[in-house]
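S.K.: Okay, here's the prediction I keep looking at, along with the sequence it came from:
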Amino acid sequence: MFSTVRTVMTFAVDPEASARWWGELLDVPVKLDVGDTGAAYAWVEIGGVEVGFHPMDDERNPRGGSPVVYWGVDDVDRIRERLLAAGCEHHRGPLTIEAGRRIAQLRDPFGTIVGIEGP
C-alpha cells in the first residue's frame, strides 16, 4: 500500500523565505509554486524527498504544527477510500498538484494528519 516517503511539509509564515534558508544551507535550488490566490508553496529536494513549506493557516495548519509526511501510493483515490474505511477522516484534498501528481490528507483515529501522494 505505501512505498516511500516523498514529501515532508511544514507550515510557515513565509514559505519562500523558509525554503530559501534551507536551500542556501544545503546548497540546493528552491522551487516555487504560486497559486491563484497568490499564496506560495516553496520547497527543496533533499535525497529524493521534497521538503516543503506551505502557508500557515491558524485554523487548519498552524505554524509550528507537526510536519505532514506524504507516502507515495499507486492510486490516491483507492488508497484514500481504504484509509477512510479503516477509520481515518477527511482533512483536505484530493488536490492535483501537476499532471499525474495528486495529494490528499487524512486524519487517523488518533488525530495525526497523514498525506498520500501519487497519480
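M.R.: Looks like it came in fine. Numbers count the residues shown, from 1 in each chain.
S.K.: Distance of residue 23 relative to residue 100?
M.R.: For residue 23, the distance to residue 100 equals 25 Å [CB to CB, to the nearest Å]. For every residue, glycine as well, the C-beta is placed using N, CA and C.
S.K.: Counting neighbours, go ahead and name the busier of the two.
M.R.: Shown here are residue 23 and residue 100; by other CB atoms under 10 Å, residue 23 has more neighbours (19 against 8).
S.K.: So that one lies in a helix, does it not?
M.R.: Yes. Applying DSSP: H, G, I helix; E, B strand; the rest coil, one finds residue 23 inside a helix.
S.K.: Number the residues from 27 up from this point.
M.R.: OK, 27 is where the count begins now, so the last one is residue 49.
S.K.: That one touches residue 70, doesn't it?
M.R.: Yes. At 4.9 Å, residue 49 counts as touching residue 70 under the criterion of CB atoms under 8 Å.
S.K.: can you point me to the longest strand in this structure?
M.R.: When the chain is scanned for its longest strand (criterion: DSSP state E), the result is strand 115-124.
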